[in-house]
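Student: dropping the sequence and predicted coords here.
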Amino acid sequence: MADQSGAEQSSPQVDPDTGASIPAQPALPRDASTVVLIRDGADGVEVFLQRRVNTMAFAGGMTVFPGGGVDARDAEAHFSWTGPGAAWWARTLGATEPIAQSLVCAAVRETFEECGVLFATDADGRFPEPGTLADERAQLVDKSLSLAGFLADRGLTLRADLIAPLAHWIAPVIEKRRYDTRFFVAALPEGQHADGETSEVSVAGWLSARQALARWVDRQHFLLPPTWSQLREIARYDTVADLLGEPREITTVMPEATTPMMSGLRFPNSDEYFVELDGRLPSDAKR
């Protein structure tokens, strides 16, 4: 980049790809959990995708998986838990035990809030009847109820054995709003139905990972690099059993910002991503 005058250097930088201002100092990333909900389909593994409403401050108009930021109350531990404990998750996710527990709890909570799928069972190992927890779902969304309180009040056990780690992405330093996101993958539990009943989503539904990638190339929706990368991984598999049975070591990906622009990001297979992007801008997702 050419030298600029002092006056020009004091002006805020703007990403010409997005029109967004570039922070002078990198924002601290917030812990977040995203869940790739999967099921078997005729064209390989299917995933549940949501298109976020255009007015969302983060990723408005983008096609994403259910997920969101960790809530402080996700660290509450007074409830029943089945499956790998916090120590195992901490080693696997590269986090402290309290943060690891919070990430798993956020994954379970966000999936229930955003699409009505709950990874929790009663004392007999049965999932609650669909539709019987609408009030609690709403209270979780408006934060009048914590996940721990909900599970304890209903006598439910969190099923950490039903979700698996998939990936770890940290937003690049040029992003104004940054997340440190752990991706989880989980099969849709029998008898449960994923819906789009959230104010954050305009369209929701199932597509095979291969179809989702084909629609991205055909400009039918917009995928951010982490979503695109997880779809590429899932598209490799023909069945849920194959995908969940694959040993996986989690490595952290934080795209390198070679320029203060989205097009300057470098991450695994980024050359292919930008070829498929084909000149589109994130703002195009809101049109």
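Tutor: Here it is on my side, so go on.
Student: who does the biggest helix by length in the chain touch, helix- and strand-wise?
Tutor: Determined from DSSP state H, the single longest helix within the chain is helix 97-115. When contacts are defined as 3 or more C-beta pairs under 8 Å, 6 or more residues apart in numbering; DSSP states H and E, helix 97-115 sits against strand 30-41, strand 44-52, strand 67-69, helix 86-93, helix 134-141, helix 147-154, strand 157-159, strand 179-187. From N, CA and C alone the C-beta is placed, and that goes for glycine too.
Student: between it and helix 86-93, how big is the angle?
Tutor: Interaxial angle, helix 97-115 versus helix 86-93 (axes from the mean of the first three to the mean of the last three C-alpha atoms, to 10 degrees): 80 degrees.
Student: next helix or strand past helix 97-115?
Tutor: strand 120-121 (DSSP states H and E).
Student: and that next one, which strands flank it?
Tutor: Sheet partners assigned to strand 120-121 using DSSP bridges are listed as strand 157-159 (antiparallel).
Student: show residues contacting the next helix or strand after the strand it pairs with.
Tutor: Using DSSP H and E, the helix or strand that follows strand 157-159 in sequence is strand 164-170. Residues outside strand 164-170 that contact it (C-beta atoms under 8 Å, 6 or more residues apart in numbering): 29, 36, 89, 92-94, 178-186, 225-226, 229-230, 233, 244, 248, 250-254.
Student: would you give the sheet partners of strand 164-170, along with the direction of each?
Tutor: Strand 164-170 is paired, per DSSP bridges, with strand 179-187 (antiparallel), strand 252-253 (parallel).
Student: chain center to it, what's the gap?
Tutor: Between the centre of strand 164-170 and the centre of its chain there are 9 Å (C-alpha atoms, centre = their mean, to the nearest Å).
Student: just the C-alpha atoms of it, please, in CSV.
Tutor: Provided in CSV are the C-alpha atoms of strand 164-170 (Å, rounded to 0.1, in the frame of the first residue of the first chain):
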residue,chain,number,x,y,z
ALA,A,164,-19.3,-34.1,18.0
PRO,A,165,-16.6,-31.5,17.4
LEU,A,166,-16.2,-30.5,13.8
ALA,A,167,-14.1,-27.3,13.4
HIS,A,168,-12.7,-24.2,15.0
TRP,A,169,-12.7,-20.8,13.2
ILE,A,170,-11.7,-17.4,14.6
